[in-house]
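>>> 3D, please:
(one chain, ligands or ions: 1)
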Amino acid sequence: MRIDILCLFPEMFVSPFAHSIVRRAETRGLVEVFTHNIRDFAHDRHATVDDYPYGGGAGMVLKPEPVFEAAEYVWKTTGSPGSPVILLTPAGRLFSQETAAELAGHSHLMLICGHYEGVDERVAEHLATDQLSIGDYVLTGGELAAMVVVDAVVRLIPEVLGSQESATDESHAQGLLEYPHYTRPEVYRGWKVPPVLLSGNHAEIVAWRRRQSILRTATRRPDLLDNVTLSDKERAWISESLLDRR
Ligand code: 6GU
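This next block holds a predicted model:
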């Protein structure tokens with residue numbers, strides 16, 4: 001997969017991508033990430049990339065020309081104008097594990113990081129194929145959001161994660177939060193590892209983990225349960241455990 005990131009602060013990506021799973025994936029030839037400074041595509045000698053909003057109001061707006069021209073520059077080398085172009089904006093639809101999995105199936109992605117009060121809407125309408133937000137809070141710019149998206153997508157590319165780090169069990173993969181994990185020692189400061197995990201009974205361990213995932217999701221993220229299929233027995237566990245908490 002090739003990922004091109006158009007932004008105003010390419011330096012921000014250096015350290016996060018120099019470590020982490022992204023670096024490992026790059027070393028193994030599974031992904032290539034390129035950053036491009038939108039300012040390099042400005043038209044005037046002051047390299048102006050923003051301007052006042054038509055209609056008035058606070059803040060500045062990212063101009064369309066440098067953004068379109070940066071994208072066209074990328075397409076000249078990649079030749080893939082059919083692939084996703086994602087504008088990172090707090091006004092986008094919410095990025096999720098499902099979106100990450102969908103994006104991981106493409107061979108090329110372009111990410112555009114918004115800045116200032118906003119980006120000229122013609123970028124959203126005529127250049128971006130999708131607009132994503134990483135959560136209900138406002139960041140200073142789209143760079144941090146782009147790093148989040150790249151990390152979540154890259155780890156889902158086949159062969160990026162080792163079998164020791166399988167992406168099928170983890171939180172959100174099944175629509176549920178993941179069960180609790182324990183490692184040695186068996187007793188730490190008097191706190192014991194749940195005995196079932198030491199029992200060697202694989203079927204019981206699987207059942208315990210499923211139950212933990214369900215109860216944890218019911219208490220912490222009940223909204224997620226609307227999209228998972230649970231048995232009648234599992235629904236009953238939830239009612240019982242929520243009653244227990246009163
Ligand atoms: Cl994608 N951009 C900005 N500026 N803020 C955000 C965001 C994106 N997602 C959540 N907050």
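
>>> pLDDT below threshold where in the chain?
116, 163-166, 246 (pLDDT under 70).

>>> give me the next element, helix or strand, following the longest helix along the chain.
In terms of residue count, the longest helix belonging to the chain (DSSP state H) is helix 202-220. Next along the chain after helix 202-220, taking DSSP states H and E as the criterion, comes helix 232-244.

>>> how far does that next one sit from its chain's centre?
For helix 232-244, the separation from the chain centroid amounts to 32 Å (computed by CA atoms, centre = their mean, to the nearest Å).

>>> residues making contact with it?
Helix 232-244 is contacted from outside by 210-211, 214-215, 218-219, 225, 230, using CB atoms under 8 Å, 6 or more residues apart in numbering. For every residue, glycine as well, the C-beta is placed using N, CA and C.

>>> again, 10 Å this time
210-211, 214-215, 217-219, 222, 225, 228, 230-231 (CB atoms under 10 Å, 6 or more residues apart in numbering).

>>> just stretch 211-222 next, same as before
Here stretch 211-222 makes contact (CB under 10 Å, 6+ apart) with 169, 171-172, 174-180, 194, 223-225, 228, 230-231, 233-235, 237-242, 244-245.

>>> from these, keep the buried residues only.
Listed as buried from the contacts of stretch 211-222 are 171-172, 174-179, 224-225, 230, 234, 237-238; burial here means 16 or more other CB atoms under 10 Å.

>>> count of residues packed around the spatially closest residue to residue 34 that is not a sequence neighbour?
Computed as CB to CB, 6 or more residues apart in numbering, the closest residue to residue 34 that is not its neighbour in sequence is residue 4, at 5.0 Å. Using other CB atoms under 10 Å, residue 4 has 24 other residues around it.

>>> kindly report the same for residue 12.
Here the number of neighbours of residue 12 (other CB under 10 Å) works out to 18.

>>> so it is in contact with residue 113, correct?
Yes - with contact defined as CB atoms under 10 Å, residue 12 counts as touching residue 113 (9.1 Å).

>>> could you say which helix or strand holds the most centrally placed residue in the chain?
With distances taken as CA atoms, centre = their mean, residue 149 lies nearest the centre of the chain, 3.4 Å away. Element membership of residue 149, judged by DSSP H and E, is helix 143-154.

>>> packing partners of that helix?
Helix 143-154 sits against strand 2-7, helix 14-18, helix 20-27, strand 32-37, strand 85-94, helix 97-103, strand 108-113, strand 130-133, with contacts defined as 3 or more CB pairs under 10 Å, 6 or more residues apart in numbering; DSSP states H and E.

>>> may I see the ones you listed arranged in CSV, with distance to residue 71 as well?
Shown next, in CSV, are the helices and strands packed on helix 143-154 (distance: least, CB to CB, whole Å):
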stretch, distance to residue 71
strand 2-7, 7
helix 14-18, 21
helix 20-27, 22
strand 32-37, 9
strand 85-94, 7
helix 97-103, 17
strand 108-113, 6
strand 130-133, 14
